[in-house]
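# kindly return the folded structure for what I paste below:
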Amino acid sequence: MPPFTLPAPLALARAVETVPQAPGWMLEPKWDGWRCQIHTATRRMWSRHGTDLSRQFSDVADAAAGLPDAVLDGELVAVLNDGSGVAFDRLQSRAGRRGPRRGADFTVHVALFDVLAVGDADWRPRPYAERRTELLRLLEDGPATLRAVPTTEDRGQALKWVGALAGVEGLVGKRTDAPYTAGLASGWVKWRERHTTEAVVIGVTGTTPAAQALVLGRPTGGRMRAVGVSLPLAQPVRLAVAPLLHAAGEEMRELPGTVGGLPGADPVRFWPVKPEVVVEIEVDQPRLEFGRYRHRPRVQRVRGDLTPERLDEGH
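Model (predicted):
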């Protein structure tokens, strides 16, 4: 058994704007999935927030039981059976279930990237380079659905993974000499591929200037539908957009927390405005998912050259 209580706090990565390239940095692909930790000996699995996933992903837990006794850190990824790629939303279909559904069009794989313990030995104090070598040893001749993520010190090679490997949405950088430390103290960094598109401002939320964000919409089926809530506005953007907005009623409205990119969160209250202003936004997924952006977009600037009528539906 591991020498610490399970589930253990996981290392987290700090978002950065550029991919690190310097001696002592190792790069890994960042997969579009659910973070998990697995204790192979007991067939137990937990999410990043400590939710027990052992029942919903019993197929993964059973596969992991064929490995040596260890606590592993990785990402659950839903791989479509037709070979067309991965689908983040398929993971949600396991919620509340007792394992895989017969006839499902996907198989759950685990992209593993770290070792927290082996048997009763705590591997977290050891440097990443040693943990990586041990991970490869543990997975040798293991099941096809549990594989180590590729790694490289070459920034150019790592960038080729983004878009070329199905399900890779960015990169994670780790110091080869660093121990495994919980939270942002890990020193890990993450870079996501970004995309720009446009959206219509349909509301304003936030009680102070520093917290103000925009409720964003897009025309769908002849109607303007909310697709997300932006990150808080930078001051130059706030000053540029504020004079252009006109109230659309005197009462606040609500959106489900999921529309704001906050699954399980309370509803988002906002002041509605007339859908007249188009803004350019930066997002980390090129297409809407379930009619919304999963992560909160960043507003870059006002697009005074565009009107809501000129936006392509369903973008």
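
# what bridges to Leu216?
Taking DSSP bridges, one obtains Val201, Gly228 as the residues bridged to Leu216.

# could you do Met224 as well?
Pro219.

# quick one: it and Arg218 touch, right?
Yes - judged on CB atoms under 8 Å, Met224 makes contact with Arg218 at a distance of 7.3 Å. Backbone N, C-alpha and C define where each C-beta goes, glycine included.

# confirm Ala129 sits in a helix?
Yes - counting by DSSP: H, G, I helix; E, B strand; the rest coil, Ala129 is found in a helix.

# just give the number of residues close to the residue lying closest to it once chain neighbours are set aside.
Excluding the flanking residues, the one nearest Ala129 by CB to CB, 6 or more residues apart in numbering is Thr176, at 4.4 Å. If you count neighbours by other CB atoms under 10 Å, Thr176 ends up with 16.

# name the residues that touch the stretch of helix or strand Thr133 belongs to?
Using DSSP states H and E, the element containing Thr133 is helix 128-139. Contacting residues not belonging to helix 128-139 are listed as 26, 67-68, 70, 72, 112-115, 118, 123, 146-148, 151, 174-180 [CB atoms under 8 Å, 6 or more residues apart in numbering].

# let me know the average pLDDT across it.
Helix 128-139 shows a mean pLDDT of 98.

# enumerate the positions of that helix that are buried.
Under the neighbour-count criterion of 16 or more other CB atoms under 10 Å, helix 128-139 has Tyr128, Ala129, Arg131, Arg132, Glu134, Leu135, Leu138, Leu139 buried.

# how about the strands of the stretch 201-315 of the chain, start to end?
Here the stretch 201-315 of the chain has its strands, by DSSP state E, counting those that start in this stretch, at 213-220, 223-229, 253-255, 268-272, 278-283, 298-302.

# what angle do the second one and strand 278-283 make?
In other words, strand 223-229. Angle of strand 223-229 versus strand 278-283, following axes from the mean of the first three to the mean of the last three CA atoms, to 10 degrees, is 40 degrees.

# packing partners of strand 223-229?
The contact analysis (3 or more CB pairs under 8 Å, 6 or more residues apart in numbering; DSSP states H and E) places strand 223-229 against strand 195-205, strand 213-220.

# relative to strand 195-205, how tilted is it?
Orientation of strand 223-229 against strand 195-205 (the same axes, to 10 degrees) gives an angle of 100 degrees.

# list the buried residues in strand 223-229.
For strand 223-229, by 16+ other CB under 10 Å, it's Arg225, Ala226, Val227, Gly228, Val229.

# same question, the last one
Applying a neighbour-count criterion of 16+ other CB under 10 Å, one finds Arg298, Val299, Val302 buried in strand 298-302.

# alpha carbons of it, in PDB - could you do that?
Only the C-alpha atoms of strand 298-302 are listed here, as PDB (Å, rounded to 0.1, in the frame of the first residue of the first chain):
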ATOM      1  CA  ARG A 298     -10.800  36.000 -23.600                       C
ATOM      2  CA  VAL A 299     -12.200  39.200 -25.300                       C
ATOM      3  CA  GLN A 300      -9.500  40.700 -27.500                       C
ATOM      4  CA  ARG A 301     -11.100  43.700 -29.100                       C
ATOM      5  CA  VAL A 302     -14.300  45.300 -30.500                       C
END
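
# quick check: most distant residue from the centroid of the chain.
Glu250 (36.1 Å; CA atoms, centre = their mean).

# by mean pLDDT, point me to the weakest helix or strand of the protein.
The helix or strand of the chain with the lowest confidence, counting by mean pLDDT, DSSP states H and E, is helix 88-92 at a mean of 80.

# ok, back up a step: of the contacts of helix 128-139, buried ones?
Among the contacts of helix 128-139, those buried by neighbour count (16+ other CB under 10 Å) are 26, 67, 70, 72, 112-115, 118, 123, 146, 148, 151, 174-176, 178-180.

# let me see the contact set for the residue nearest the centre of the chain.
Per CA atoms, centre = their mean, the C-alpha nearest to the average position across the chain is that of Asp32, at 5.9 Å. Neighbour list for Asp32: Val77, Val86, Phe88, Gly167, Val168, Glu169 [criterion: CB under 8 Å, 6+ apart].
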